[in-house]
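>>> Provided below are the primary sequence and the corresponding predicted coordinates.
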Number of protein chains: 2
Amino acid sequence: MNSQTADKRGLLVVLTGPSGVGKNSIIEALRADDPSLFHSVSMTTRDPRKGETDGVSYHFASKERFQALVDAGEILEFDMYCGAYYGTPKAPITEKTEHGTDVLLDLTVKGALEIKKNDPGAVLIFVAAPSEKALRDRLLARGTESPERIEQRLNTARDELNQIQYFDYLVVNNNVEEARADIQAIIRAEKRRITRLFVDGSEPDSV
Amino acid sequence: MNSQTADKRGLLVVLTGPSGVGKNSIIEALRADDPSLFHSVSMTTRDPRKGETDGVSYHFASKERFQALVDAGEILEFDMYCGAYYGTPKAPITEKTEHGTDVLLDLTVKGALEIKKNDPGAVLIFVAAPSEKALRDRLLARGTESPERIEQRLNTARDELNQIQYFDYLVVNNNVEEARADIQAIIRAEKRRITRLFVDGSEPDSV
C-alpha cells in the first residue's frame, strides 16, 4: 500500500458565516479555479430573493415537500433560520465524496455542527467579515432586506460567533481572492493530515 | 480586538524524514519562495560531509562544547543519531517566533516529538519518499556513505515510520515543487486554525 492511497474519499468542506459575508463570491472563486469542486446546493423553504435561481442559489421547496424528504431520511441536516427551513440533500453529496470529489457546503452554524457530529472528518470553516461595520455596510448595499431584518441578521451573527470554538478554521473575508487562497490551502493541507490518511489504522509503507 | 491579531507569533514548523528523502532541497525551495522563513540550523558533533559548510548545513561542534550548551539550557532538544549528537540551539528560534517569523526545523523523530511536548503549537511534518526503493536509490546516488551505513539508515527510516501517528502531516516527496506547495499550504492553513487563533481564550469580535 502506498501511503498516498490511504484515503481517496473526497473532502466535505463546510463554509459557515453570517449572511452578507461573501460566501457565494468565495464559492464562485473556488469553483472558477477548480470546476471539479462540487458545491452542494441547499434546499430552503424561504422565498427566492431577487436574482436567485432555483437549483443554483438554492433548491426552493414548499414546507410540505421539505418535510417529506426529511421523513424519508434524504436530508443530511436541516435547520430553521429566520422562519424558514434550510437543509442539505444527502444523495448527491455521498455520491461525490465516495468517488473522490471534494464537496463544498454552505451551512448555518447548527447545520455545520450537525454535519461534524455525523462525519468527524468534515472540515468546518467559519467565514467572518473584517468587522461588524463592514458586514452591516454589505447588507445595506445589497438592498434586499429591511433595516429590522438586517439588525436581526447581525444579532444572529453575534450569537453564531460564540460557537466559533467548535469550528476548525477561521477565514476573514478581507478580499475574495485571499479568502479563496486560504480555503484552497486548508483543503490541500487537510489532505496531508496524518489523522485523515491513516483513519483505518492502516500502516504506511513508504519511507 | 480583531480576530486576525489574536496570535502573531511565528509558527514552529518541524520537518522530519529519513536521510536522503530530500528535506534540504525542500527547505531551499521554501526559502527561495519566502526568504523571510527562518531555517534553524542544527548543531551536530558528527564530522562534516563533503560539500557541507559550517553554519549552513549544520553548526559543527565538539562533544565538549555541545555538552556545555546542554548544561546551560541553551539546547531546545537533542538526540543521538548514528553515533553523533544533533541538537537545536534555543535562542535564535524564540527570538524569531516572538517577532512573528515562521521557523523551519529539520529534526529526527525523537527531536520532533520533544519539541511538540514542550510546544504543542509546533507543526510536525513527516516527509516520506514515494517508496523504500526510491530512498535507497537516492542514498546510493549521493555516494557519500557505505552500503552498510545506507542499510542502517533504511532500518532507522522503517523504525521512524512506526511513529508517524504522532505527527500532524505527511508530505510525500514525489517532486520538490509539489512538496514545497504542500508545506506552504500547511503553513497557511495552520495560521487559520481556530485552536491557534484563540489559544488564550480571547473572544473574536469580527462577524
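Good, I have the coordinates.
>>> for stretch A:20-40, list every residue counted as buried.
By neighbour count with 16 or more other CB atoms under 10 Å in any protein chain shown, stretch A:20-40 contains the buried residues A:20, A:21, A:22, A:23, A:26, A:27, A:29, A:30, A:37, A:38, A:39, A:40. (C-beta placed from N, C-alpha, C; glycine too.)
>>> cool, and stretch A:56-65?
Going by neighbour count (16+ other CB under 10 Å), the buried part of stretch A:56-65 is A:58, A:59, A:60, A:61.
>>> quick one: the third one from residue A:139, how far?
Meaning residue A:60. The gap separating residue A:60 from residue A:139 is 21 Å, by CB to CB, to the nearest Å.
>>> now swap in the second one and tell me
With the distance defined as CB to CB, residue A:59 ends up 24 Å from residue A:139.
>>> check residue A:14 too.
Distance, residue A:14 to residue A:139, by CB to CB: 22 Å.
>>> so for these two, which residue has more residues nearby?
residue A:14 (27 against 23; other CB atoms under 10 Å in any protein chain shown).
>>> chain center to the helix or strand encompassing the more buried one: distance?
Using DSSP states H and E, residue A:14 maps to strand A:12-16. Taking CA atoms, centre = their mean, to the nearest Å, the mean C-alpha location of strand A:12-16 is offset from the chain mean by 3 Å.
>>> before we move on, what about stretch A:119-134?
On CA atoms, centre = their mean, the centre of stretch A:119-134 falls 9 Å from the chain's centre.
>>> compute the first-to-last residue distance for that stretch.
Length of stretch A:119-134, first residue to last, CA to CA, to the nearest Å: 33 Å.
>>> and what of stretch A:92-108?
Stretch A:92-108 stretches 19 Å from its first residue to its last (CA to CA).
>>> could you tell me which residues within that stretch count as buried?
Applying 16+ other CB under 10 Å to stretch A:92-108 flags A:93, A:96, A:97, A:102, A:103, A:104, A:105, A:106, A:107, A:108 as buried.
>>> can you tell me the closest non-neighbouring residue to the last one?
It refers to residue A:108. residue A:79 (4.9 Å; CB to CB, 6 or more residues apart in numbering or on different chains).
>>> partner strands of the helix or strand harbouring that neighbour, with direction?
Residue A:79 is part of strand A:75-81, with elements assigned from DSSP H and E. Strand A:75-81 has its sheet partners listed here by DSSP bridges as strand A:84-89 (antiparallel).
>>> and the contacts of the strand it pairs with?
Strand A:84-89 is contacted from outside by A:40, A:42-46, A:59, A:63, A:66, A:69-70, A:74-80, A:105, A:107-108, A:111, A:115, using CB atoms under 8 Å, 6 or more residues apart in numbering or on different chains.
>>> chain B versus the closest residue to residue A:150 other than its chain neighbours, what's the distance?
Distance criterion CB to CB, 6+ apart; nearest residue to residue A:150, sequence neighbours excluded, is residue A:139 at 4.6 Å. Distance from residue A:139 to chain B, counting by CB to the nearest CB, to the nearest Å: 11 Å.
>>> got the phi and psi for residue A:139?
Note on residue A:139: backbone dihedrals following degrees, to the nearest 10 are phi -70, psi -40.
>>> let me see the mean pLDDT of the next helix or strand after the strand holding residue A:14.
Following strand A:12-16 in sequence order, the next helix or strand is helix A:23-33 (DSSP H and E). Across helix A:23-33, pLDDT averages out at 95.
>>> stretch A:110-118 too?
Mean predicted confidence for stretch A:110-118 is 91.
>>> try stretch A:140-158
Rounded mean pLDDT across stretch A:140-158 is 89.
>>> and it, how far out from the chain's middle?
Mean-position distance between stretch A:140-158 and its chain equals 20 Å (CA atoms, centre = their mean).
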